[in-house]
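K.L.:
Here is a sequence together with a model predicted from it:
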Amino acid sequence: MRPDGTILEQTVFSFRGLFGVPVEVRQSVAILALMMAGFSLMRGGSLVITAIFLCILIASVYLHELGHAWGARVQGLTVNRIVLHGGGGFCEHRRSSFKQDELIVAMGPLVNLALWAVLGLGQEAVYQLAISDPSWARFGIAIVPWLGLAATMNLFLFFYNMVPVLPLDGGRLLQIGLRRFWPPAQAIRIAGAIGVVFCILWFPMLIWVFLNTGWLLFFIPSLALHLAMARGEAHY
């Protein structure tokens with residue numbers, strides 16, 4: 001495990017995605033898929049529905065990371081790859097400045113927020129069409145629940161990524177915001193102290209999310225990293 005809480009793991013397969021950016025899918029995605037399938041079977045669920053759910057999740061995470069990639073490319077930075085893993089993903093690009101990071105980091109959560117709005121509006125539009133035109137009823141019944149799920153999932157991803165711990169976007173945006181008011185060293189200490197609180201709250205949150213949604217998060221923020229930051233012994 002890296003100091004930031006991400007796990008070193010092998011790539012299952014790779015492909016060239018949108019904008020020509022290479023995409024690597026790590027083995028924890030396969031583990032997540034197997035666990036979701038197992039939980040679904042235990043509850044008497046459908047593997048087809050589970051597979052569709054997983055595809056929506058992976059697509060949403062990919063578009064989130066593509067938002068970061070766009071934020072880098074529009075500022076002239078080379079994007080090396082996008083990596084998808086069981087806890088989310090990351091976009092690897094050429095070294096950026098503090099000012100460039102503002103747009104790069106913000107674009108990921110903003111993409112999820114935009115997807116939530118578009119999918120929610122799409123769900124309402126299809127629903128209204130289905131109830132006003134009988135020829136669309138069957139299609140509406142089939143697609144409306146999935147549009148709602150995709151919208152909810154992207155809203156969840158927005159709030160999940162805005163939790164102020166590293167390496168999530170919320171933790172990085174917190175540092176960026178603090179550096180507007182305090183010197184870098186002090187901003188790091190404040191961000192570290194805030195991160196410590198949320199690291200402690202992370203485990204109860206994991207349990208709550210799993211019990212209420214059935215979603216299992218494959219990411220644990222590093223308490224050691226945030227403690228070191230709060231003491232002024234480390235930076236990120």
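P.N.:
Done, it's in. Residues are numbered from 1 along each chain as shown.
K.L.:
drop to CA atoms for contacts and neighbour counts, all remaining ones
P.N.:
Will do.
K.L.:
Return the residues in contact with residue 54.
P.N.:
residue 33 (Cα atoms under 8 Å, 6 or more residues apart in numbering).
K.L.:
quick one: buried residues of the helix or strand of the chain with the lowest mean pLDDT?
P.N.:
When the helices and strands of the chain are scored by mean pLDDT, DSSP states H and E, helix 27-42 comes last with a mean of 83. Buried residues in helix 27-42, counted by 16 or more other Cα atoms under 10 Å: 27-29, 32-33, 36-37, 40.
K.L.:
Can you show me the strands along this structure?
P.N.:
11-16, 22-26, 79-85, 88-93 (DSSP state E).
K.L.:
now these as CSV including mean neighbour count and distance to residue 114?
P.N.:
Below are the strands of the chain laid out as CSV (neighbours: other Cα atoms under 10 Å; distance: least, Cα to Cα, whole Å):
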stretch, mean neighbour count, distance to residue 114
strand 11-16, 13, 24
strand 22-26, 19, 22
strand 79-85, 21, 20
strand 88-93, 20, 18
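K.L.:
Need the residues that contact the least confident helix or strand of the chain.
P.N.:
By Cα under 8 Å, 6+ apart, the list of residues contacting helix 27-42 from outside reads 9-12, 46-47, 50-51, 54, 84-87.
K.L.:
thinking again about what came up before, closest to residue 131 out of the buried residues of helix 27-42?
P.N.:
residue 40 (31.4 Å; Cα to Cα).
K.L.:
quick one: the residue with the largest distance to the centre of the chain and residue 125, what's the gap?
P.N.:
Relative to the centre of the chain, the most outlying C-alpha is that of residue 134, 37.8 Å out, by Cα atoms, centre = their mean. As judged by Cα to Cα, to the nearest Å, residue 134 and residue 125 stand 14 Å apart.
K.L.:
And for the nearest residue to residue 168 once chain neighbours are set aside, the neighbour number?
P.N.:
Excluding its sequence neighbours, the residue lying closest to residue 168 (Cα to Cα, 6 or more residues apart in numbering) is residue 161, at 5.5 Å. By the criterion of other Cα atoms under 10 Å, residue 161 has 21 neighbours.
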